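In: need a structure here:
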Amino acid sequence: MERIPKEYYDYFDNLYRKFDRIKAAVDIVVERIVGGGFGFVAREGADKEKSKEAIKLLEEFSEEVKLPRLMYEIVTDTLVFGNSFTEKVSKGSKPIAELVRHDPRTIAVVTNEKDELQEYVKIEDDKIIKRFKKDDIMHIKNNLIPSLGKGWYGRSQIEVLVPKLEEKFKLKKIPSV
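Out: Purely as a prediction, here's the structure:
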C-alpha cells in the first residue's frame, strides 16, 4: 500500500488556511472552474428525445447529490492536496445514488506486485477502517507537476510557491514523501 504521509497534506492545508493570499489564489481558481455553474449538453448528432431525457435525469441527479457544492470541494482538494477522492455510493437500483467526498488525508491507494490499482482504503489512526473497490472511488489528481510516489498521487499546486514562502517566512521544509 502506498500512502502519502498525513504531514504532507497537513503542511499544505496549513498554508492554505494561514496565508490569505494563498487561500485567495486557490479560491479564485476554484471559482473560475466551477463558479459559473455547469450544464449538460447532448453529443453532436445524438437523438434529441433521448438526449432531453438523459439531460433531465442528469440535472435531477446533480440537484439530488448537490453536485455544484461537491465540485467546489473536489477542485479545492485537488489544488490544495493534489488529490481528491469521491465515493460513488449505490442504493437499490441506482448505480450512483450518492457521492461522498473523503478527506485526502484518510485515503490510500492499494496496488498489487505489478503496481496495478487494486483498491482504495480509508485509514484512521493508522488502521484501515473501510475498503473500496477501485471503481467505487473517483480519484482526481493534480498532474501539472510531477506526481508523488509511484505516480498514484498528485501534488499540491501550492508546492510551487513554497521556496519563496520558506525564504520569506522561515517555514519548515515540506515533509518528505
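In: what about Gly92, distance to Glu98?
Out: Counting by CB to CB, to the nearest Å, the gap from Gly92 to Glu98 is 12 Å. C-beta coordinates here come from the backbone N, C-alpha and C atoms, glycine included.
In: Check Ile74 too.
Out: According to CB to CB, Ile74 stands 15 Å off from Glu98.
In: Dihedrals phi and psi, the residue located most distally from the centre of the chain?
Out: For the chain, the largest distance from the centre (CA atoms, centre = their mean) belongs to Glu49, which lies 34.0 Å off. Main-chain torsions, Glu49, degrees, to the nearest 10: phi -70, psi -50.
In: What segments of the protein are strands?
Out: Assigned strands in the chain, in chain order: 83-91, 94-102, 107-111, 117-124, 127-133, 137-141 (criterion: DSSP state E).
In: if I pick Pro146, what's in contact with it?
Out: Arg155 (CB atoms under 8 Å, 6 or more residues apart in numbering).
In: now Thr86
Out: 70, 74, 99-102, 137-138, 140.
In: Tally up the residues packed near the closest residue to it other than its chain neighbours, please.
Out: Closest residue in space to Thr86, ignoring its immediate chain neighbours: Met138 at 4.5 Å, by CB to CB, 6 or more residues apart in numbering. By other CB atoms under 10 Å, the residues close to Met138 number 14.
In: Pretty sure Met138 sits against Lys88.
Out: Yes - if you go by CB atoms under 8 Å, Met138 and Lys88 touch, sitting 6.5 Å apart.
In: Contact partners for Arg105?
Out: 6, 9-10, 13, 81.
In: so how far is Ile33 from Ile158?
Out: Taking CB to CB, one finds Ile158 at 16 Å from Ile33.
In: For Ile123, give the beta-bridge partners.
Out: In this entry, Ile123 is beta-bridged to Ile128, by DSSP bridges.
In: And it, how close does it get to His102?
Out: Noted for Ile123: a distance of 10 Å to His102, by CB to CB.
In: cool, Tyr16 as well?
Out: 18 Å.
In: Need the buried ones from the contacts of Thr86 selected in PyMOL.
Out: A single PyMOL command is used to select the members of these judged buried by 16 or more other CB atoms under 10 Å:
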select buried, resi 70+74+99+101+102+137
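In: about what we covered before: list residues touching both of Met138 and Lys88?
Out: Joint contacts of Met138 and Lys88 (CB under 8 Å, 6+ apart) are Leu99.
In: Could I get the contacting residues of Gly39?
Out: No contacts exist for Gly39 under CB under 8 Å, 6+ apart.
In: Do you know the pLDDT at it?
Out: pLDDT for Gly39: 87.
In: can you tell me how far it sits from Pro68?
Out: 11 Å.
In: do the same with Lys52
Out: Applying CB to CB to Lys52 and Pro68 gives a distance of 21 Å.
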